[in-house]
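**Student:** Got a predicted model here, sequence first, then my questions.
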Amino acid sequence: NAGVTQTPKFQVLKTGQSMTLQCAQDMNHNSMYWYRQDPGMGLRLIYYSASEGTTDKGEVPNGYNVSRLNKREFSLRLESAAPSQTSVYFCASSPQGAVGTEAFFGQGTRLTVV
Amino acid sequence: DQQVKQNSPSLSVQEGRISILNCDYTNSMFDYFLWYKKYPAEGPTFLISISSIKDKNEDGRFTVFLNKSAKHLSLHIVPSQPGDSAVYFCAASASGTYKYIFGTGTRLKVLA
């Protein structure tokens, strides 16, 4: 019963460094999402993948790239980290789209950029 | 431009009383709404949802009400328990899209 698994759980980066956040789901879901959570801002959608082979920008895509590697995996890449990207990142998946079904979330990755 | 708004950042309620959490939205295309609960250091977990063809959905102690004309939904928790203390997010989606848009959250504290 793993559900949605994110790695790593914690990360500290220096400004300008790059890194990839990994996400995998074992529920055979078609759609996957990346959100960031910041105080007072709620959960904001960075990128999403409606189905394998497709990706689309969300509300706050600048500074990020994504890859839908296969049906199970959806990674988020920071090419040149900035302090403004300090946040908690959540990956989620849903069976098919966003209407009539809920999204299942991972435990989050706490990222600090110094 | 915040399409889903939760105007109360926090709420305190006595154990056993009713908790009412509110959410407003601006996009009239939204036709599916969800509530999530989040504990510290955990991911959000789904609580309850409602389709726009309904105005009420109930699941145990949790009831969600939808007022489409006012573009407003609310979550009622009766009776409130200390274990309900968490951050609650409302979310919305529209048919034909594949994304959930979340509000800013309301921190509920249930006092024993």
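**Tutor:** Received the coordinates, thanks.
**Student:** Distance check, A:Met27 against B:Ser93.
**Tutor:** Applying CB to CB, to the nearest Å, the value for A:Met27 to B:Ser93 is 18 Å. From N, CA and C alone the C-beta is placed, and that goes for glycine too.
**Student:** same question, B:Tyr32
**Tutor:** 5 Å.
**Student:** Which one of A:Met27 and B:Ser93 is surrounded by more residues?
**Tutor:** Set A:Met27 next to B:Ser93 and count neighbours by other CB atoms under 10 Å in any protein chain shown: B:Ser93 wins out with 26 against 13.
**Student:** from memory that one sits against B:Phe30, does it?
**Tutor:** Yes - under the criterion of CB atoms under 8 Å, B:Ser93 makes contact with B:Phe30 at 6.6 Å.
**Student:** got any residues that touch both of B:Tyr32 and B:Ser93?
**Tutor:** Common neighbours of B:Tyr32 and B:Ser93 are listed as A:98-99 (criterion: CB atoms under 8 Å, 6 or more residues apart in numbering or on different chains).
**Student:** For the nearest residue to A:Gln17 once chain neighbours are set aside, give me its contacts.
**Tutor:** Distances taken as CB to CB, 6 or more residues apart in numbering or on different chains put A:Ala81 closest to A:Gln17, at 5.3 Å, once the chain neighbours are dropped. Taking CB under 8 Å, 6+ apart, we find A:Ala81 in contact with A:13-19, A:111, A:113.
**Student:** right, and the secondary structure at A:Ala81 would be what?
**Tutor:** coil (DSSP: H, G, I helix; E, B strand; the rest coil).
**Student:** what does the model give it for pLDDT?
**Tutor:** A:Ala81 carries a pLDDT value of 97.
**Student:** cool, the one 4 residues further on as well?
**Tutor:** The confidence metric pLDDT takes the value 98 at A:Gln85.
**Student:** Does it touch A:Arg77 like I think?
**Tutor:** No - A:Gln85 lies out of contact with A:Arg77 (CB under 8 Å); the separation is 11.4 Å.
**Student:** who has more neighbours, these two?
**Tutor:** The residue with more neighbours, out of A:Gln85 and A:Arg77, is A:Gln85; 19 against 13, by other CB under 10 Å.
**Student:** Many thanks, I have nothing further to ask.
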